[in-house]
Each structure stands twice: as structure tokens, then as C-alpha cells.
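Enquirer: With the sequence up front, the predicted model follows.
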Protein chains: 2
Amino acid sequence: MGVTKRFIYSDHINDIANIAKVFAHPARVAILKYISEQEGCICNDLVDEIGLSQATISQHLSVIGDSGLLKGRFEGKKKCYCLNLERFEEFQILLNSFFNKAASSCC
Amino acid sequence: MGVTKRFIYSDHINDIANIAKVFAHPARVAILKYISEQEGCICNDLVDEIGLSQATISQHLSVIGDSGLLKGRFEGKKKCYCLNLERFEEFQILLNSFFNKAASSCC
DNA sequence: TCGTAATATTGCAATATTACGATAATAAAA
DNA sequence: TTTTATTATCGTAATATTGCAATATTACGA
């Protein structure tokens, strides 16, 4: 046991959960916040900014990247990470579609 | 190791991550969806509906409940769970405030 | 080519999460 | 009181996640 039984849920439900998982760790929220606030490119300022090891930041970046939320581009030895705004908006729309369907409560 | 270092992040960031964590498992998304669609009270229809054991559903319900998203009330032996809409809207506002601050990308 | 800076990957220890059977607790019904 | 239905909790096994040191990789500059 201990394995999430993804196959028993609809794609839509798994999508929501997968999106939420990206934001479900404060380091990843902090990374996304910082990247978007800079509205420009950054690299491993994140290590200084956030205070986790380089290995850990890199790992979180790859989790965020796997979700499609990042555009990355090497500029010499530095890598420039930026938000993929289109994907970011998709996330927002999906989450809001979930929230907006909530009906009234009974208790 | 293995412990999330919550103390290095701002409250706001931890809040976002904690909210996201509730939605970060498909069972919890499915539970919230079902509860809100019924727009009424349900109990362990969830066990039949979702297909996890009663113990597991109850555990997920308590995670959702800890976040303040549920109102529960016993009616005889059955417990009626409903969405706490105020809290649900708070969640939506917090998440959107995060999304809406995203600036333009550079890559 | 060699050294250095920036990032990614690997391996591992610590901790957290998920799932379930068994059991407890509670309240209605028999 | 005993049984039954419903939900919660405990204990535990399996798996996932987090974080870091060490190492690899990549690209630039000397």
C-alpha cells in the first residue's frame, strides 16, 4: 500500500491533483513567486534567495518544469528560468473551473 | 532530512502550499467534487462512489476537514458532510491572488 | 588545455503520505 | 440488552517526498 490509485479517478480529477501538487510545497511556491516577480530571468539566485541547497532547488525546479510551467534557456553557463504564462493561465482556469462548480452547502 | 523547512518561508507562502496540499490528492479532489455536486449532505456514499476503503476515505475527510473546508454534523448515526463555502471562497481568492501577480515572462 | 562557475544527477537518510484491516465508539433499531 | 449501521482511530506496510553531499556535466575564460 501507499500507492495513490490514480486509475480509479477521471482524467480531470487527476489533472487537478497533479496541478495542485506543484504548488503543494512552499519551496516551489517561493520559486514561482520569485521567478514571476523578477519578471525576468534568474538562475541560482534562488539558492541564495530561498536558502536551500543547490541540489534541492534544482530538484524542485525540475518538478515545476515537468508540469510545463517553466521556460528555461541557457545563456552561457547560466540558465534563465521564466514562467510559461500560457500554461500558468491554463492552471488557473482549471482550478477555477473546479472552484466555480461548487454548489451551496446544507449544514 | 526529509522534513519540509516551513520556517524559512513567509506565512503567505506556507498558506498557499497548505491549501494546495488539500487538492494534491485525487481522492480529496473527488470527495470535494462529489460533496459539492450533491449540494447536500452525504456520508459514506463516498466509499461506494470512490472505491477506497472506509478507513481511507475517513482519513482523507479529516485532512480536508483540518483545512476548514468542511462542515460536518451528525444526524443519528450518519454524518452529514458539506462544503464550508466561505472557506472555499477564501481558498479561491488566495490562489487567484497568487496567480494574478504573475508578471510577464522573458524567454 | 586547464581551471572555474553554474546547473543537473545520483545515492541515500529522514520523514511524510497513502491505504487498509482491525477495532473502538456511537446511536438507532430489534 | 443485543444487534446493526455508521464513522473514527490505531497500527502497520508500502511507497513517495524532501533535502543534502558528492559527483557529473556543461560552457566559458585564461
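Expert: That came through fine. Numbers count the residues shown, from 1 in each chain, chains lettered A, B, ... in the order given.
Enquirer: in chain A, which spans are helices?
Expert: A:11-23, A:26-38, A:45-50, A:54-66, A:85-100 (DSSP state H).
Enquirer: any idea of the mean pLDDT for the last one?
Expert: It refers to helix A:85-100. For helix A:85-100, the per-residue pLDDT values average out at 89.
Enquirer: could you dump the helices of chain A to a markdown table with distance to B:Asn44 and mean neighbour count?
Expert: Just so you know, the C-beta spots here come from the backbone N, C-alpha and C atoms, and that holds for glycine as well. As requested, the helices of chain A are exported to a markdown table (distance: least, C-beta to C-beta, whole Å; neighbours: other C-beta atoms under 10 Å in any protein chain shown):
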| stretch | distance to B:Asn44 | mean neighbour count |
| --- | --- | --- |
| helix A:11-23 | 19 | 19 |
| helix A:26-38 | 34 | 21 |
| helix A:45-50 | 42 | 15 |
| helix A:54-66 | 34 | 15 |
| helix A:85-100 | 23 | 15 |
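Enquirer: and of the ones you listed, who's closest to DNA strand C?
Expert: DNA strand C sits nearest to helix A:54-66 of all the helices of chain A, at 3.3 Å, using C-beta to the nearest atom of the strand.
Enquirer: Run the angle between the closest one and helix A:26-38 for me.
Expert: Counting by axes from the mean of the first three to the mean of the last three C-alpha atoms, to 10 degrees, helix A:54-66 lies at 70 degrees to helix A:26-38.
Enquirer: what sits up against helix A:54-66?
Expert: Contacts made with helix A:54-66 from outside it, assessed by C-beta atoms under 8 Å, 6 or more residues apart in numbering or on different chains, are listed as A:22, A:25, A:27-28, A:31-32, A:44, A:46-47, A:50, A:52, A:70, A:72, A:81.
Enquirer: Distance from it to the middle of the chain?
Expert: Distance of helix A:54-66 from its chain centroid, counting by C-alpha atoms, centre = their mean, to the nearest Å, is 10 Å.
Enquirer: cool, and stretch A:13-20?
Expert: On the basis of C-alpha atoms, centre = their mean, stretch A:13-20 sits 11 Å off its chain's mean C-alpha point.
Enquirer: check contacts around the nearest residue in space to A:Ala20 that is not next to it in sequence.
Expert: Nearest residue to A:Ala20, sequence neighbours excluded (C-beta to C-beta, 6 or more residues apart in numbering or on different chains): B:Phe23, at 3.7 Å. Counting by C-beta under 8 Å, 6+ apart, B:Phe23 touches A:Ile16, A:Ala17, A:Ala20, A:Ala24, A:Leu95, A:Phe98, B:Val29, B:Leu32.
Enquirer: what do you get for A:Leu95?
Expert: Counting by C-beta under 8 Å, 6+ apart, A:Leu95 has contacts A:Ile16, A:Ile19, A:Ala20, B:Phe23, B:Gln92, B:Leu95.
Enquirer: what's the angle between the helix or strand of chain A with the lowest mean pLDDT and helix A:54-66?
Expert: Every helix and strand in chain A was compared by mean pLDDT, DSSP states H and E; the lowest is strand A:70-75, with a mean of 84. Between strand A:70-75 and helix A:54-66, the angle comes out at 120 degrees (the same axes, to 10 degrees).
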